[in-house]
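1. for reference, the sequence and a predicted model appear below.
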Amino acid sequence: MRRNRWKWIIASAGISVSLAAGSIHAQSDQGLPVAKWYQALTQRTKTEIANEAATQRAQAAKRVSDAAERLAAQAEATLSRAAEDDGEIAATDIRLAGQAYADRLDAAAAELAERARRERIEPYVADTTAAMSEELEALAQSTIAEMTRELDAEGSAASGNEEVQHKSIIDNRGDE
């Protein structure tokens, strides 16, 4: 009888342990690994998007800088040609007037050069500067708009993937 009693005690203890283990297992959060995976995937996607945005910003800044340098070089070349043309005109006027009028022509040449600067070069510089500013602003605006569209497209694609994966996870949890 004693042996029988020990069998019952051992069997009761075994059943109790099995029931306790089953209860503990049933109370555990089965969705925790999936949630952690989803959070890691979301963070990795955000990091990739941020890195791509930084690359795009650097490329856009380089394009704007290159355009500004190119426009500055063009303006400098145009100004040099205009200055050379004005200098040639003044030299021709002086040679035609002759030696007798050298003192008067020197004063007149200086006056002509100053007037040419005021009438031709300064307006040209002002117009060129305004045109360059408008072109740079337009380039910057188009670059910003292009980057925004690309980032929105990438963000929408990433968001759409996240929604599909999230919905799939929810559907799988509902099947359990």
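-> Yes, it's here. None of the values given here were measured: they were computed from a predicted structure.

2. name the element residue 57 belongs to?
-> helix 32-97 (DSSP states H and E).

3. for that helix, give the mean pLDDT please.
-> Here helix 32-97 scores 84 as its mean pLDDT.

4. could you point out the helix or strand that follows it?
-> helix 102-116.

5. now that following helix, how far from the centre of its chain.
-> Put simply, helix 102-116 sits 53 Å off its chain's centre (Cα atoms, centre = their mean, to the nearest Å).

6. and it, what's its mean pLDDT?
-> 76.

7. walk me through the domains of this protein.
-> For the chain, the structural domains run 1-29, 31-175, going by automatic domain parsing.

8. what's the most buried one of those?
-> The highest average neighbour count among these, using mean count of other Cβ atoms under 10 Å, belongs to domain 31-175 at a mean of 12. Any C-beta I mention is one placed from the backbone N, CA and C, and that applies to glycine too.

9. quick check: residue 136 touching residue 70?
-> No: assessed by Cβ atoms under 8 Å, residue 136 is found out of contact with residue 70, at 10.8 Å.

10. now do the contacts for the residue nearest the centre of the chain.
-> Among the residues of the chain, residue 57 comes closest to the average C-alpha position under Cα atoms, centre = their mean, at 2.6 Å. Residues near residue 57 by Cβ atoms under 8 Å, 6 or more residues apart in numbering: residue 147.
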